[in-house]
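> okay, sequence plus prediction incoming.
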Amino acid sequence: MKTSARARRVGIYLRISDDRLKDEKGVKRQEEDCRLLAARLGWRVIEVYIDNDVSATDRRKVRKDYRRMLGDIEAGHIDAVIAWHPDRVYRQPAELEELILLIERKDTEIRTCLTGIVDLNTPAGRLNARMLGAVAKYETEHRAERVKRKIQELVEAGEIHNSGHRPFGYERIYEGEGPRRKIIEDRIDEDEAKYVRDWAKRALEGESLYSLVTDANTKKIKTSTNGAWSYQGMKALLASGRIAGLKEHKRQVVGKAVWPAIISEEQHKDLRALLSDRAEQAKENGAQRNATAIKYPLSGLVRCTCDEDHIRMRTSPSSNRKGPVYRCPPKGDGGCGGRTIRIDDLERLMEKLLFARLEEVEPLDEADPDDPRPALEAKVAKWERRVGELKEELLDGDRPAREIQEAVEVLNSRIAQAQREAAQYGVRDRVLDIDVEQLRKEWEDYPAARKQSLYRSVIEKVLVHPAMPPRNVFNRARVEVRWR
Ligand SMILES: [Zn+2]
């Protein structure tokens, strides 16, 4: 076997044939390895040749840099080649024969990171190379190894999940086929992502998850497994860090992920706080929210002035064929029993008042001195650091574990409380921030529940005063709005 004592002028040859990431990562990894080898041999790297995403078995494609490298060997510009594996350099037997002739004539050395010296200057070496070349034709093993290495690298970096079905909002790119195929990349699927953005926005405006689910299913939007949306599914989607490009472990965000974000990190934080807050509220009330669709957006807000506490008026079918009405409960239920107002009339009036109101509301100052969020965020950051410290103390074992556990729990509940407060402020902020023109255009298409959530965010209650003659004409003076 021929070895060289002199410092060679080396060209690094890089090629990756199945780089579906469409980035330079594959060759970068190879290059690192090759440069290390050159340094170890004391060789000087003169050139780097790169053929990326080109299949050596596809004759229609020309390996441009490979041809350039052969030209440089011929010209004496380089006298050594380093590659990652022999199958990077040649795979077609014809290519190998061409290379053998060239390097023999030009006294060129070939080394690879994985198999060492590729000796094409002796009969035994050439036989070996030809056998390797033949093996390379059935190169599935090497290919699998390269893929495995890439996958392992990604998994170690925590960059992808290797299981689970495709997440909604993303197109999933696989390596290979069938049940053992590997996930390479999650890309944004714009068709689905626009729904994710819409739902996130609406949830933050205060629309209920049930309303979003009903709306999604009415529009026949399918989940990523081609099913109908459920409350749990919607909640899992909107509470997930995934849609904000964040990596999670056991539902805790542990860092940035490689996949792109559909919503902002800030939106994610608000959604998380809001959804966990809702879950706790539901638990406290012991109330099971039911999925019945809301029919009238003003329901719950319309009150009769017959009593001091402004008793809630209930929807009721029309008594005079003029359509449904809000009616004060009967005397036995604490109401006056007599007062009604037509839902249709009231809704039309309220829409006008709502838009007028939204238009006159001035946008909030960038730096609102009353904004409690910066202070809350600072507290949360401090508490989160403390939780981290406590967990380290747990590892030290100097303090009783139970004591530390208790301290962590107290801190965690403080953090949750602060996040809820921040989210509450955020909701009001955003609602006043809406684009009124846009809202006007879309209003007709809003489901009742979405209209309701908007009304609730700006209106405390709608008071209904007694009817005055003429009774058959709608008198808007009967309606008094208490804005928030
Ligand atoms: Zn009443």
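The structure has been received and is ready for your questions.
> is it true that Val481 lies in a strand?
Yes: counting by DSSP: H, G, I helix; E, B strand; the rest coil, one finds Val481 located in a strand.
> residue contacts, it?
350, 353, 459, 462-463 (C-beta atoms under 8 Å, 6 or more residues apart in numbering). Placement of C-beta: from N, CA and C, glycine included.
> near the ion, which residues of this protein show up?
Contacts of the chain with the ion, taken as C-beta under 5 Å from the ion, map to 304, 306, 328, 335-336, 339.
> just the helices in the stretch 1-150 of the chain please.
25-41, 64-74, 86-89, 93-106, 123-137, 140-156 (DSSP state H, counting those that start in this stretch).
> nearest spatial neighbour of Glu347, skipping sequence neighbours?
Counting by C-beta to C-beta, 6 or more residues apart in numbering, Glu347 lies nearest to Leu298, which is 6.4 Å off, once chain neighbours are set aside.
> where's the one you found relative to Glu377, distance?
36 Å (C-beta to C-beta, to the nearest Å).
> between these two, which has more neighbouring residues?
Taking other C-beta atoms under 10 Å, Leu298 and Glu377 do not tie; Leu298 has more neighbours (22 against 14).
> just checking, that one is part of a helix?
No: applying three-state DSSP, one finds Leu298 to be coil, outside a helix.
> which ones are touching it?
So Leu298 contacts 326, 343, 346-347, 350, 452, 455, 462 (C-beta under 8 Å, 6+ apart).
> as a markdown table, those residues with secondary structure would be great.
Converted to a markdown table, these look like this (three-state DSSP):
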| residue | secondary structure |
| --- | --- |
| Tyr326 | strand |
| Ile343 | helix |
| Leu346 | helix |
| Glu347 | helix |
| Met350 | helix |
| Gln452 | helix |
| Tyr455 | helix |
| Val462 | strand |
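> which one among the residues you listed gets closest to Leu246?
Closest to Leu246 out of these is Gln452 (31.0 Å), distances taken as C-beta to C-beta.
> the closest one: neighbouring residues, count only.
Neighbours around Gln452, by other C-beta under 10 Å: 23.
> any idea of the pLDDT on it?
Looking at Gln452, its pLDDT stands at 83.
> list the buried residues for stretch 220-230?
Judged by neighbour count (16 or more other C-beta atoms under 10 Å), stretch 220-230 contains these buried residues: 223-224, 229.
> likewise for stretch 447-465?
447-459, 461-464.
> got it, and stretch 63-83?
For stretch 63-83, burial by neighbour count (16+ other C-beta under 10 Å) applies to 63, 65-66, 69-70, 72-73, 78-83.
> what's the most distant pair in the residues you listed?
Once C-beta to C-beta is applied, the buried residues of stretch 63-83 give Arg63 and Asp79 as the farthest pair, at 20.6 Å.
> any chance of the residues of the chain next to the ion in JSON lines, plus distance to Glu442 and pLDDT?
JSON lines is the format used below for those (distance: C-beta to C-beta, whole Å; pLDDT from 0 to 100):
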{"residue": "Cys304", "distance to Glu442": "32", "pLDDT": "94"}
{"residue": "Cys306", "distance to Glu442": "36", "pLDDT": "91"}
{"residue": "Cys328", "distance to Glu442": "33", "pLDDT": "91"}
{"residue": "Gly335", "distance to Glu442": "36", "pLDDT": "88"}
{"residue": "Cys336", "distance to Glu442": "38", "pLDDT": "90"}
{"residue": "Arg339", "distance to Glu442": "33", "pLDDT": "90"}
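> just put those in TSV and tack on neighbour count.
Listed next are the residues of the chain next to the ion as TSV, based on neighbours: other C-beta atoms under 10 Å:
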residue	neighbour count
Cys304	26
Cys306	20
Cys328	26
Gly335	19
Cys336	16
Arg339	21
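> just to revisit the earlier point, of the contacts of Leu298, which is the nearest to Thr122?
Nearest to Thr122 out of the contacts of Leu298 is Gln452 (C-beta to C-beta; 84.3 Å).
> all the helices of the stretch 201-350 of the chain, in order from the start?
Under DSSP H, counting those that start in this stretch, the stretch 201-350 of the chain gives helices at 209-218, 231-239, 265-285, 343-360.
> so for the shortest one, what gets flagged as buried?
To tie it back to what came earlier, the one meant is helix 231-239. For helix 231-239, burial by neighbour count (16+ other C-beta under 10 Å) applies to 233-235, 237-239.
> coming back round to it: can you redo the buried residues of stretch 63-83 as JSON lines with pLDDT?
Shown next, in JSON lines, are the buried residues of stretch 63-83 (pLDDT from 0 to 100):
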{"residue": "Arg63", "pLDDT": "74"}
{"residue": "Asp65", "pLDDT": "85"}
{"residue": "Tyr66", "pLDDT": "86"}
{"residue": "Met69", "pLDDT": "91"}
{"residue": "Leu70", "pLDDT": "91"}
{"residue": "Asp72", "pLDDT": "93"}
{"residue": "Ile73", "pLDDT": "92"}
{"residue": "Ile78", "pLDDT": "93"}
{"residue": "Asp79", "pLDDT": "92"}
{"residue": "Ala80", "pLDDT": "92"}
{"residue": "Val81", "pLDDT": "92"}
{"residue": "Ile82", "pLDDT": "91"}
{"residue": "Ala83", "pLDDT": "87"}
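> list the contacts of stretch 227-237.
168-169, 196, 199, 209-210, 212-213, 216-217, 221-223, 243, 275, 291.
> just the buried members of those?
Buried among the contacts of stretch 227-237 by 16+ other C-beta under 10 Å: 168-169, 196, 199, 209-210, 212-213, 216, 223, 243, 275.
> out of the residues you listed, which one sits closest to Leu390?
Checking those against Leu390 with C-beta to C-beta, the nearest one is Leu275 at 26.3 Å.
> from what I can see the closest one touches Ala203, true?
Yes: checked against C-beta atoms under 8 Å, the pair Leu275 and Ala203 is within contact range at 7.5 Å.
> list residues touching both of those two?
Residues touching both Leu275 and Ala203 by C-beta under 8 Å, 6+ apart: 209, 238.
> lovely, talk soon.
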